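Enquirer: quick one, structure for this:
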Amino acid sequence: MIKVVLVDDHVVVRSGFAQLLNLEEDLVVEGQYSNAAEAWPALTRDAIDVAVLDVAMPDENGLSLLKRLRQQRPTFRAIILSIYDTPAFVQSALDAGASGYLTKRCGPEELVQAVRSVGMGGHYLCADAVKALRGGEPTSQALAALTPREKEVFELLVNGDSVKEIAFRLELSHKTVHVHRANVLGKLQCSSTIELVHFALDNQLLNGH
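Expert: Numbers count the residues shown, from 1 in each chain. Coordinates of the predicted model:
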C-alpha cells in the first residue's frame, strides 16, 4: 500500500484529490494539510511514501518545504503541484529533489499514475513539464531520457506486446510494468500506447522500419 500525504491550501482541490486516490486499491491518503507548518510533523515522523506538495501556500512554498524535508530525510519522495510549467520552474523543482511534477491542468488519471509511479520508486513528469524541459529537442534526445528498462518496455509496447506479456518476458510484476509504461508516456508526451505506436512510426523506430 502506498501511503500519501496531501499539502494544499485549497480544501476543494485537496479533498478532491483525496477522494480520487482513496478509490485506488493500492493507494491511501494518510493525511491532508493546508500549510507547511501543519504538515511538517507528519512528513518528518510518519512512514509516508509520497507527498503531493502545492507550490503556493500561505506560510512556505512547496519547494522550500521539500528542501527542508530532504535535509532530514534524503530519500523523501514528493510530487510538486503547480500552475507553472516554465523550464526554469520545473528545473527548480527537480533541483529541490522532487520525484514528480504535475501542473494543475493534469487529469485525474495522471494524478493517480504520478502518485503510483513515484510511490514505487520511479519518477513522473507531466507532459507540460517534459515539453518545457525538452524545449523542442529532437527524438534522439527524447529517447535518451528513458532509462534502459523504460526503453525495453517502450520497444515491446510499440511492437504489440501487452503489459501482461511484457511482465512475463522481463520477469517483472504487472504493477512495475505499468509504472514503466506511465514513465515512458510522460517522457515522450504520449497519452496512450496507440500514440506511442504513432510516435515510433513517425520516427521509424518500429522493428522492420
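
Enquirer: where along this structure do the helices fall?
Expert: Here the chain has its helices, by DSSP state H, at 11-22, 36-45, 62-72, 87-95, 108-119, 127-134, 139-144, 148-158, 163-170, 174-187, 193-202.

Enquirer: where do the domain boundaries of this protein fall?
Expert: Domain assignment for the chain, taken from automatic domain parsing, gives 2-133, 137-202.

Enquirer: name the helix or strand of this structure that has the lowest mean pLDDT.
Expert: Lowest by mean pLDDT, DSSP states H and E among the helices and strands of the chain is helix 139-144, with a mean of 71.

Enquirer: where in the protein is pLDDT low?
Expert: 134-141, 206-209 (pLDDT under 70).

Enquirer: 80 instead, please
Expert: 46, 88, 127-142, 144-145, 186, 189-192, 195, 198-199, 201-209 (pLDDT under 80).

Enquirer: what sits against the residue most central in space within it?
Expert: By Cα atoms, centre = their mean, the chain has its centre lying nearest to residue 124, at 2.4 Å. Residue 124 makes contact with 79, 99-102, 113-114, 117-118, 182-183, 186, according to Cβ atoms under 8 Å, 6 or more residues apart in numbering. Just so you know, the C-beta spots here come from the backbone N, C-alpha and C atoms, and that holds for glycine as well.

Enquirer: possible to save these as TSV with neighbour count?
Expert: As requested, the contacts of residue 124 are exported to TSV (neighbours: other Cβ atoms under 10 Å):
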residue	neighbour count
79	28
99	24
100	27
101	29
102	24
113	23
114	27
117	25
118	24
182	21
183	24
186	25
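
Enquirer: Serialize those residues to a markdown table and add fields for distance to residue 1.
Expert: Formatted as a markdown table, the contacts of residue 124 follow (distance: Cβ to Cβ, whole Å):
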| residue | distance to residue 1 |
| --- | --- |
| 79 | 17 |
| 99 | 18 |
| 100 | 19 |
| 101 | 24 |
| 102 | 21 |
| 113 | 17 |
| 114 | 17 |
| 117 | 15 |
| 118 | 15 |
| 182 | 18 |
| 183 | 21 |
| 186 | 23 |
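
Enquirer: any idea how far residue 96 is from residue 172?
Expert: Distance, residue 96 to residue 172, by Cβ to Cβ, to the nearest Å: 30 Å.
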